[in-house]
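> No sequence on hand, only this structure:
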């Protein structure tokens, strides 16, 4: 596993264009972030790239989005998993509604499970 990995699940709104979301994020990070459409969401993965570089790209297409979950795992010491949940509003991505942090980098699925149970977001990984 790489030193840093990140996953982003972006739920596309009923009137949103998933292709626009996919192109905005992968285009802003050519060759670094991979993405694919899965039903009503777009899922992105990066290996060794901070997902903070994805947030500005998501902001440019926020009118196409309903909700976003970002989960990152970091190596070093015991490692760490951190995540953020956004409900996209009129002001765009805005500040996270919820955040989690856990010691160990192996809790990526647990973070998505939490957001699924609490908010109904399908993590898709």
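Received the coordinates, thanks. On a predicted model such as this, the values are computed, not experimentally measured, just so you know.
> Would you mind listing the buried residues in stretch 27-34?
By 16 or more other C-beta atoms under 10 Å, the buried positions in stretch 27-34 come out as 29, 33. In short, each C-beta sits where N, CA and C put it, glycine included.
> Oh, that last question was meant for stretch 11-27, not what I typed.
For stretch 11-27, burial by neighbour count (16+ other C-beta under 10 Å) applies to 11, 12, 13, 16, 18, 20, 21, 22, 24, 25, 26.
> Tell me where this protein has strands.
Assigned by DSSP state E, the chain shows strands spanning 4-12, 33-38, 41-47, 65-74, 80-87, 98-103.
> ok, residues contacting stretch 102-114?
With C-beta atoms under 8 Å, 6 or more residues apart in numbering as the contact definition, stretch 102-114 has outside contacts at 1, 5, 7, 9, 69, 71, 73-75, 78-83, 100, 121, 123, 125.
> so how far does that stretch reach from one end to the other?
According to C-alpha to C-alpha, to the nearest Å, stretch 102-114 extends 12 Å from its N-terminal end residue to its C-terminal end residue.
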